[in-house]
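Enquirer: No sequence on hand, only this structure:
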Ligand code: PMP
């Protein structure tokens, strides 16, 4: 990945000269209920957008807008150039070999559905197996269940430890002569667990099985190199990495993308069409039916430029510092239960807090403040968190809970915001 530094200090460097990255995100100036400065800790759901992303998209709509690929006229060619330059930006960001391996989709969900549907169509038959895990997001469960309903495939599930780590010993045992693909999340969107993906992929390849990585929660937080990982497919969403909504990426090794059939039919994805026979376009267009969201691809590229200019390593360092600080501060709260592993964890923290007056010996989550109550009351104090099952109901069942309160960090969050969260949790506790 190309690393240029533009010398904009992260929030922790505030006061050391220069402006803070926070100034790039106008929404962070907001006061909630016209009273409390916003503390935005729902970044795993979606991140806020820097000015450069929104400005580039506005500029394209005002000054360039025209449909891509098919036009001979000036604007269409300019729009096409921008769109294809964005593909190159994504290629560099993931360190893919070629732009032929970069398919634009609407997001992680669509990317996973594409693989389940198209790889499943070509390579999976009744009784064949996909290996998933207990910590998957619904998008990486239900997509395979749809294939299960169509073709009678089987889902094999890697269990997790009580701490929330994958049981690699059990993973190895799940391989059989019917295993056709492994599809796993890089980082848990609930527990923050960072899975040892290189090792997981190495093991799968020893069994000649390809791997799809759900990178929705890894790409925003640390550098990803698909060649180094050696994954076969990799999915991520633009809106979780400071880009616009409605745009995402599926990376696929060219050899696989060549072998699997198209996802949707329509314009762009064809070479020639007749009622007798249709031939398909070359990669990656074979998977991009219809008018692409070419303005969103510009926004995505700007977002990737933005994080690259700060440096993914700097972002990782800052967010790791914040996560460790938050775990430390949260653990000072009486009755606090933080889920997830102690090490190898990312900028996502799920927790529940025991109701005051309930003895510590009572470990039943029934006597914890309901996640929805906690989230609603924190909101009244200007703190945006997420509550519920986080689209991971099987994981909730495994943990024996209905839901959690989840905070998740981005590059613009600060220790002061963590302090405000901790004070607010103490205030909420007093209301019970
Ligand atoms: N996988 C994981 C791990 C996620 O966190 C999410 C979003 N919460 C998704 C998949 C789905 O992403 P999207 O809604 O952007 O398609």
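Expert: Structure's in. What do you need? Computed from a predicted model, the values in this text were never measured in an experiment. Residues are numbered from 1 along each chain as shown.
Enquirer: and the residue in the chain sticking out farthest from the centre, what does it touch?
Expert: Residue farthest from the centre of the chain, counting by Cα atoms, centre = their mean, is residue 276 at 41.4 Å. Residues in contact with residue 276 (Cβ atoms under 8 Å, 6 or more residues apart in numbering): none are found. The way it works is simple: take the backbone N, C-alpha and C, and place the C-beta from them, glycine included.
Enquirer: what pLDDT does it get?
Expert: Each residue has a pLDDT score; the one for residue 276 is 96.
Enquirer: where does residue 174 land on pLDDT?
Expert: 98.
Enquirer: oh, and call the first residue 357 from now on, that's how I've got it
Expert: Okay, using 357 as the starting number, the last item reads as residue 530.
Enquirer: Give the helix, strand or coil label for the closest residue to it other than its chain neighbours.
Expert: Of all residues not flanking residue 530 in the chain, residue 512 sits nearest, at 4.6 Å (Cβ to Cβ, 6 or more residues apart in numbering). The three-state label for residue 512, taken from DSSP: H, G, I helix; E, B strand; the rest coil, comes out as strand.
Enquirer: Please report how far residue 512 lies from residue 490.
Expert: Counting by Cβ to Cβ, to the nearest Å, the gap between residue 512 and residue 490 amounts to 11 Å.
Enquirer: And residue 388, by the same measure?
Expert: For residue 388, the distance to residue 490 (Cβ to Cβ) stands at 35 Å.
Enquirer: Count the residues that sit near the nearest residue to residue 570 once chain neighbours are set aside.
Expert: In this structure, residue 570 finds its nearest non-sequential neighbour in residue 541, 4.3 Å apart by Cβ to Cβ, 6+ apart. Summarising burial for residue 541: neighbours were counted as other Cβ atoms under 10 Å, giving 29.
Enquirer: I'd assumed residue 572 was in contact with residue 541.
Expert: Yes - taking Cβ atoms under 8 Å as the definition, residue 541 is a contact partner of residue 572 at 7.5 Å.
Enquirer: Now the common contact residues for those two.
Expert: Counting by Cβ under 8 Å, 6+ apart, the common neighbours of residue 541 and residue 572 are residue 493.
Enquirer: on that earlier part again, now do the SS call for the residue farthest from the centre of the chain.
Expert: For residue 632, the assignment made with three-state DSSP gives coil.
Enquirer: backbone phi and psi for it, please?
Expert: Its backbone dihedrals place residue 632 at phi -90, psi -40, with angles given as degrees, to the nearest 10.
Enquirer: Need the contact partners of stretch 552-559.
Expert: Applying Cβ under 8 Å, 6+ apart, the contact partners of stretch 552-559 are 522, 524, 527-528, 538, 540, 542, 567, 569, 584-587, 700.
Enquirer: do stretch 725-738 as well
Expert: When contacts are taken as Cβ under 8 Å, 6+ apart, the neighbours of stretch 725-738 outside the stretch itself are 387-389, 391-395, 708-711, 740-744, 758-761, 776-777, 780-781, 783-785, 787-788.
Enquirer: and the residues you listed, which are buried?
Expert: 388, 392, 394-395, 708-710, 740-744, 758-761, 776-777, 780-781, 784-785 (16 or more other Cβ atoms under 10 Å).
Enquirer: near the ligand, from the residues you listed?
Expert: When the buried ones among the contacts of stretch 725-738 are filtered against the ligand using Cβ under 6 Å from any ligand atom, no residues are retained.
Enquirer: In helices, which of these fall?
Expert: Cross-referencing the buried ones among the contacts of stretch 725-738 against helices under DSSP state H gives 776, 777, 780, 781, 784, 785.
Enquirer: quick one, what contacts the third one?
Expert: Each residue near residue 780 by Cβ under 8 Å, 6+ apart is listed here: 733, 734, 737, 739.
Enquirer: Kindly report the same for the first one.
Expert: Residue 776 makes contact with 395, 737, 738, 739 under the criterion Cβ under 8 Å, 6+ apart.
Enquirer: repeat that with 7 Å
Expert: By Cβ atoms under 7 Å, 6 or more residues apart in numbering, the contact set of residue 776 is 395, 739.
Enquirer: Equivalent analysis for the last one, please.
Expert: Contacts of residue 785 were listed using Cβ under 7 Å, 6+ apart, and they are 709, 712.
Enquirer: Can you name the residues of the protein that neighbour the ligand?
Expert: Proximity of the chain to the ligand is assessed by Cβ under 6 Å from any ligand atom, with 400, 463-465, 493, 495, 541, 545, 570, 572-573, 593, 747 identified as the residues in range.
Enquirer: Reformat the contacts of stretch 552-559 into CSV and put secondary structure next to each item.
Expert: Conversion of these to CSV gives the following (three-state DSSP):
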residue, secondary structure
522, strand
524, helix
527, helix
528, helix
538, strand
540, strand
542, coil
567, strand
569, strand
584, helix
585, helix
586, coil
587, coil
700, coil
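Enquirer: Looking at those residues, which has the smallest pLDDT value?
Expert: When these are sorted by pLDDT, the bottom entry is residue 700 at 94.
Enquirer: burial of that one, as a residue count?
Expert: With other Cβ under 10 Å as criterion, residue 700 counts 13.
Enquirer: mind checking pLDDT for the closest residue to it other than its chain neighbours?
Expert: In space, and not counting its chain neighbours, residue 700 is closest to residue 550: 4.7 Å by Cβ to Cβ, 6+ apart. In the prediction, the pLDDT value recorded for residue 550 is 98.
Enquirer: try residue 623
Expert: The model reports residue 623 with a pLDDT of 93.
Enquirer: For it, grab phi and psi.
Expert: Dihedral angles phi and psi of residue 623 (degrees, to the nearest 10) take the values phi -70, psi 170.
Enquirer: what's the answer for the one 4 residues further on, then?
Expert: Here is the backbone geometry of residue 627 (degrees, to the nearest 10): phi -100, psi -60.
Enquirer: Counting neighbours, what do you get for it?
Expert: Using other Cβ under 10 Å, residue 627 is surrounded by 11 other residues.
Enquirer: was I right about it contacting residue 641?
Expert: No - Residue 627 is not in contact with residue 641 according to Cβ atoms under 7 Å; the separation is 9.2 Å.
Enquirer: Residue 706 and residue 692, how far apart?
Expert: Residue 706 sits 12 Å away from residue 692, going by Cβ to Cβ.
Enquirer: More neighbours: these two, which one.
Expert: Legend: neighbour count by other Cβ under 10 Å for residue 706 and residue 692, higher for residue 706 (29 against 18).
Enquirer: what residues does the helix or strand containing that one touch?
Expert: With elements delineated by DSSP states H and E, residue 706 resides in strand 704-709, which encompasses its position. Where contact means Cβ under 7 Å, 6+ apart, the residues beyond strand 704-709 that reach it are 400, 545-548, 573, 679, 682-683, 686, 689, 691-696, 721, 724-725, 727, 730, 760-764, 781, 785.
Enquirer: Perfect, I'm done here.
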